[in-house]
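> The sequence and its predicted three-dimensional model are supplied below.
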Amino acid sequence: MPQLEKTIVLLPVFKPGPHLSELVTALLTEVPQPADVVIVDDGTGPAADARLAQIEALDCTVLRLPANRGKGIALKAGFRHIRSRYPGFAVVCADGDGQHGVADIHAVAERCGPARMVLGVRRFDGMPPRSRFGNTVTRAVFRAATGRTVTDTQTGLRAFPADLLDRLCTVPGERFEYEMNVLLHAAATGWPIDEVPIPAAYLHGNAGSNFSGLADSARIYVRLLHYALLGRQVAAP
């Protein structure tokens, strides 16, 4: 069997739960090619020390941010580290709350190519009603604003080739709106976006999510509205 290219997995976390340990263990022991895992803890503080130390002992990288700044800040910190530590390698971003499994992560990694981002898109019939409604509305607004169709605008499972990491570090946004800004930047600059279907896995009604309802939704829709009015000016770094 030919040697597979190493998979670099970036997991931004806040208040990590037990599913993070399970995912990291599975990734590090994957046959035939274990992944390299980079975790960015977004300022959880001492409450996460024991769990993160246990995970770090498994031989993966754990970066700790001193304060909670948001998912966008955590992702960009991870991109900068990976750009320096693993030059030339693609990166797969995933959630550590049990939504994404090893098979899903490898499915998007295998589709990733130069200047091409890949989204792991979930089946809507497997989503909780609130998530399904929000995603349906956001997909329609995104299509109206950009003219491009993205099946799952809110997925956290995304693969990016090495040649996009510099630009990803300059896309604005600190919290969940950063992921929308990446899609808007892709629409404005013509980045190809591929999609890979994945199962929709929600544990306990998605209770482990750190998405804070109205506040994060407002940030996302403000960015969509600005893009609809101003176009590329909003998406440019």
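Cool, the structure landed. Numbers count the residues shown, from 1 in each chain.
> Contacts only, for the nearest residue to residue 70 once chain neighbours are set aside.
Once flanking residues are discounted, residue 70 sits nearest to residue 175: 3.3 Å by C-beta to C-beta, 6 or more residues apart in numbering. In this view, the C-beta of every residue, glycine as well, is placed from N, C-alpha and C. Shown in contact with residue 175 (C-beta atoms under 8 Å, 6 or more residues apart in numbering): 70, 71, 72, 73, 216, 219.
> Strands of this protein, start to end?
Residue ranges of the strands in the chain, as given by DSSP state E, are 8-13, 36-41, 61-64, 91-93, 117-122, 158-160, 193-198.
> For the residue nearest to residue 70, give its distance to residue 66.
Distance, residue 175 to residue 66, by C-beta to C-beta, to the nearest Å: 17 Å.
> Also residue 76?
The value you get for residue 76 to residue 66, if C-beta to C-beta is used, is 15 Å.
> among the helices and strands of the chain, which one scores worst on average pLDDT?
Least confident helix or strand of the chain, by mean pLDDT, DSSP states H and E, is helix 232-235 with a mean of 51.
> Now do stretch 198-215, average pLDDT.
For stretch 198-215, the mean pLDDT works out to 60.
> Show me the shaky parts of this protein.
The model of the chain has pLDDT under 70 over residues 1-4, 124-130, 202-216, 231-237.
> Can you list the residue ranges for helices in it?
All helices of the chain, identified by DSSP state H, fall at 18-28, 49-56, 71-85, 102-111, 129-146, 165-168, 177-189, 213-230, 232-235.
> closest one to residue 153 among these?
helix 129-146 (4.9 Å; C-beta to C-beta).
> For that closest one, which residues meet the burial criterion?
Across helix 129-146, burial judged by 16 or more other C-beta atoms under 10 Å covers 131, 132, 134, 135, 138, 139, 141, 142, 145, 146.
> quick revisit: export the helices of the chain as CSV, with columns for distance to residue 35.
As requested, the helices of the chain are arranged in CSV below (distance: least, C-beta to C-beta, whole Å):
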stretch, distance to residue 35
helix 18-28, 4
helix 49-56, 14
helix 71-85, 12
helix 102-111, 7
helix 129-146, 27
helix 165-168, 17
helix 177-189, 21
helix 213-230, 28
helix 232-235, 31
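> Please work out which of those is packed deepest.
helix 177-189 (a mean of 22; mean count of other C-beta atoms under 10 Å).
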